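> got a structure for you, letters missing:
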């Protein structure tokens, strides 16, 4: 099923959260990550898990192939 816009959620860019104070780096290239489209939460082990910078995440999504709508 394809995502469709409705009155409850406006389409457009997601607001970015400033996370520069957390000192998070990209799991792939080690670049500092200053903003994310979500507020990261800590896992049970006290880390934020694997987070990627914009460029690395874009490359990962490209390698993953096209999205499938079921």
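Structure's in. What do you need? This structure is a prediction, so every number in the text was calculated from the model and none was measured. Numbers count the residues shown, from 1 in each chain.

> which stretches of this protein have low pLDDT?
For the chain, applying pLDDT under 70 flags the ranges 1-10, 69-70.

> helices of that one, start to end?
For the chain, the helices defined by DSSP state H occupy 54-64.

> near residue 57, how many other residues are there?
Look at residue 57: counted by other CB atoms under 10 Å, it has 16 neighbours. Placement of C-beta: from N, CA and C, glycine included.

> brain fart, residue 63
Using other CB under 10 Å: residue 63 sits among 7 other residues.

> over to residue 36?
Residue 36 has 20 neighbours, counted by other CB under 10 Å.

> so it touches residue 20, yeah?
No - if you go by CB atoms under 8 Å, residue 36 and residue 20 don't touch, sitting 10.5 Å apart.

> which neighbours do these two share?
Here residue 36 and residue 20 have no joint contacts, going by CB atoms under 8 Å, 6 or more residues apart in numbering.

> contact partners for residue 24?
Contacts for residue 24 (CB under 8 Å, 6+ apart) come out as 32-33, 40, 48, 51.

> can you tell me how far residue 28 is from residue 52?
Applying CB to CB, to the nearest Å, the value for residue 28 to residue 52 is 6 Å.

> the protein: strands as residue ranges?
Under the criterion DSSP state E, strands of the chain are mapped to 17-18, 35-36.

> picking that back up, higher neighbour count, residue 28 and residue 52?
residue 52 (18 against 15).

> looking at the contacts of residue 24, state which has the most neighbours.
Neighbour counts for these, by other CB under 10 Å, peak at residue 33, which reaches 21 neighbours.

> surely that residue touches residue 25?
Yes - assessed by CB under 8 Å, residue 33 is found in contact with residue 25 at 6.4 Å.
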